[in-house]
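S.K.: What follows is a predicted structure for the sequence shown.
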Amino acid sequence: MRVVAELPHPECKITIFSMNQKFIIKFEQGTFEQSYKLAELDLSGGGVNDVFEILDEEFIQTVIERFKVMRTDFTAAYNRHQY
């Protein structure tokens, strides 16, 4: 797996990897991560530039909202089982 690109964003780290004819898009925020896999064949042939088009601000905002839900869910689970 190799890093193809890193996209700057103030609320999360975005890294695009290439592996086995797939792009893996990884979002990180603190201890949480989300990843999305995309086959190169599903794109129009523009390579990583096609991935950049998919990662518009609307999609990134849904990812950030999902991080908030993940954090809430994990905190609730942790608090239920506090040792």
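M.R.: Received it, and whenever you're ready, just let me know what you need. Please read all numbers here as calculations on a predicted model, not as lab measurements.

S.K.: Please, where are all the helices along the chain?
M.R.: According to DSSP state H, the chain carries its helices in the segments 48-54, 57-80.

S.K.: could I get those as CSV with mean neighbour count and distance to Q21?
M.R.: Quick note: C-beta positions are derived from backbone N, CA and C, even for glycine. Output for these, formatted as CSV (neighbours: other Cβ atoms under 10 Å; distance: least, Cβ to Cβ, whole Å):
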stretch, mean neighbour count, distance to Q21
helix 48-54, 14, 13
helix 57-80, 11, 22
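
S.K.: Can you redo those helices as CSV, where the extra columns are distance to K37?
M.R.: As requested, the helices of the chain are exported to CSV (distance: least, Cβ to Cβ, whole Å):
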stretch, distance to K37
helix 48-54, 11
helix 57-80, 15
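
S.K.: Out of these, the one nearest I14 is which?
M.R.: Closest approach to I14 among the helices of the chain (Cβ to Cβ): helix 57-80, 7.6 Å.

S.K.: Might you report the residue contacts of S35?
M.R.: 24-27 (Cβ atoms under 8 Å, 6 or more residues apart in numbering).

S.K.: Out of those, which sit inside strands?
M.R.: 24-27 (DSSP state E).

S.K.: Just the closest of these to C12, please.
M.R.: Among the ones in strands among the contacts of S35, and counting by Cβ to Cβ, the member closest to C12 is F27, at 5.1 Å.

S.K.: do you know how far the closest one is from K37?
M.R.: Plainly put, F27 is 13 Å away from K37 if you go by Cβ to Cβ, to the nearest Å.

S.K.: So for the two, which sits in the more crowded spot?
M.R.: Taking neighbours as other Cβ atoms under 10 Å, F27 and K37 compare with F27 leading, 22 against 13.

S.K.: Is the more buried one in contact with L7, as I believe?
M.R.: No. Using Cβ atoms under 8 Å, F27 is not in contact with L7, being 9.6 Å away.

S.K.: quick revisit: same list (the helices of the chain) but as JSON lines, adding mean pLDDT and distance to L41.
M.R.: Listed next are the helices of the chain as JSON lines, based on pLDDT from 0 to 100; distance: least, Cβ to Cβ, whole Å:
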{"stretch": "helix 48-54", "mean pLDDT": "93", "distance to L41": "11"}
{"stretch": "helix 57-80", "mean pLDDT": "97", "distance to L41": "21"}
